[in-house]
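Novice: Here's a sequence, model it:
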Amino acid sequence: MSDLDSEELEEEADNDLGEYEGERNEAGERHGHGKARLPNRDTYEGQYENGKRHGLGVYRFKNGARYIGEYIHNKKYGHGTFMYPDGSKYEGEWMDDQKQGHGIYLYNNGDTYNGEWLNNQRHGQGIYTYAATGSKYMGTWINGKQDGPGELVHLNHKYQGTFVSNSPLGPGKYVFDIGCEQHGAYVKTEQEREEEEEEQLSVSVPKWKAEKITGLTQMSQIQQPPADGTNEPQSIDLEEKTEVLETKESTSVLPDAVPVLPDAVPILPDAVPVLPDAVPDTGELHSELLDAVSQPQILSLETPAVVEEDSLPDTETVEKND
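Specialist: Residues are numbered from 1 along each chain as shown. Okay, here's the model as predicted:
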């Protein structure tokens with residue numbers, strides 16, 4: 001089940017139908033605390049006001065889904081938790097029956113999204129964590145897609161740059177834990193795709209174009225074991241200690257093994273609960289990468305093209321109740 005562009009399971013709108021046990025006002029409307037069994041076999045227990053669900057309540061759908069949270073005039077509004085039949089769950093803010101504000105979505109494959117929502121879509125700042133690899137995308141979302149400044153964090157390195165429709169595009173850099181960076185840009189390249197009828201279609205695929213290797217270009221703090229026997233760690237200012245590697249003429253600050261760049265950014269599943277089609281792989285840097293740390297010239301490297309990006313979990317229209 002998906003979280004994007006989907007209508008939530010439709011709740012029974014007519015509150016005068018079905019069996020009801022609970023409080024009423026002078027006009028005979030459901031008012032106060034009550035329990036209702038609706039004609040479509042859904043049930044609701046909670047607060048009513050003038051015949052409408054209003055306040056805290058629990059709505060159970062006949063297919064096993066349920067919503068626990070706040071209502072205003074029959075609509076999910078405020079804080080609430082929605083549990084889906086496939087095991088996925090959203091907990092966060094609602095407005096007019098839609099996810100809006102801050103919320104956490106746990107997918108049934110273990111992936112999570114923690115961030116901002118608008119009109120049932122990931123929108124604003126948020127973090128998507130891939131359960132299979134532990135990789136994370138941290139950055140901007142627009143209408144459910146990675147779009148804008150972002151950071152793709154892996155075990156031993158991360159990519160910082162701009163994303164467009166779930167793919168990196170334009171200038172960026174790979175930052176490695178050993179204390180170096182590779183600068184470059186993702187550029188669009190044309191790649192042919194073979195369809196079922198053997199018709200060749202041209203698609204645009206981002207490809208990484210490396211430009212140079214440097215030391216860390218931003219101030220960072222590395223926590224070192226205390227030298228004075230205290231429990232307080234000491235910090236080293238990397239801005240003062242790090243030099244641009246391409247100006248080194250004899251010695252190298254890199255270890256023998258340089259971390260390889262990834263062939264591709266993590267591929268999101270086509271639809272929840274499907275697991276991602278591929279785990280972020282790593283390619284091999286050209287042999288020139290090792291030579292770069294001891295030569296003054298700026299390198300121009302090319303890494304394998306980024307594989308075609310699958311879409312984020314697409315919307316599956318949730319089955320409405322009769």
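
Novice: Any stretches of the stretch 201-322 of the chain with poor pLDDT?
Specialist: The model of the stretch 201-322 of the chain has pLDDT under 70 over residues 201-202, 218-322.

Novice: May I have the beta-bridge partners of Lys136?
Specialist: Under the criterion DSSP bridges, Lys136 forms beta bridges with Thr129, Val153.

Novice: who touches it in this structure?
Specialist: Residues near Lys136 by CB atoms under 8 Å, 6 or more residues apart in numbering: Ile127, Tyr128, Thr129, Tyr130, Leu152, Val153. Just so you know, the C-beta spots here come from the backbone N, C-alpha and C atoms, and that holds for glycine as well.

Novice: now the strands for the stretch 101-250 of the chain?
Specialist: 112-118, 121-129, 136-142, 145-153, 157-164, 167-176, 180-194, 200-215, 221-224, 234-237 (DSSP state E, counting those that start in this stretch).

Novice: will you turn the ones you listed into JSON lines that also has distance to Arg53?
Specialist: As requested, these are exported to JSON lines (distance: least, CB to CB, whole Å):
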{"stretch": "strand 112-118", "distance to Arg53": "22"}
{"stretch": "strand 121-129", "distance to Arg53": "25"}
{"stretch": "strand 136-142", "distance to Arg53": "31"}
{"stretch": "strand 145-153", "distance to Arg53": "33"}
{"stretch": "strand 157-164", "distance to Arg53": "40"}
{"stretch": "strand 167-176", "distance to Arg53": "42"}
{"stretch": "strand 180-194", "distance to Arg53": "49"}
{"stretch": "strand 200-215", "distance to Arg53": "47"}
{"stretch": "strand 221-224", "distance to Arg53": "52"}
{"stretch": "strand 234-237", "distance to Arg53": "55"}
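
Novice: Select, out of these, the one closest to Tyr59.
Specialist: In terms of CB to CB, the element of the strands of the stretch 101-250 of the chain nearest to Tyr59 is strand 112-118, at 19.8 Å.

Novice: Output the contacting helices and strands for that closest one.
Specialist: Helices and strands touching strand 112-118, by 3 or more CB pairs under 8 Å, 6 or more residues apart in numbering; DSSP states H and E, are strand 98-106, strand 121-129.

Novice: Can you check what angle separates it from strand 136-142?
Specialist: Orientation of strand 112-118 against strand 136-142 (axes from the mean of the first three to the mean of the last three CA atoms, to 10 degrees) gives an angle of 10 degrees.

Novice: Give me the secondary structure label for Leu56.
Specialist: Classification of Leu56 by DSSP: H, G, I helix; E, B strand; the rest coil places it in strand.

Novice: Based on its surroundings, how many neighbours for it?
Specialist: As a burial measure, Leu56 scores 16 neighbours (other CB atoms under 10 Å).

Novice: Mind pulling the model confidence for it?
Specialist: pLDDT recorded at Leu56 is 98.

Novice: now it: how far from Asn109?
Specialist: The gap separating Leu56 from Asn109 is 31 Å, by CB to CB, to the nearest Å.

Novice: Noted, bye for now.
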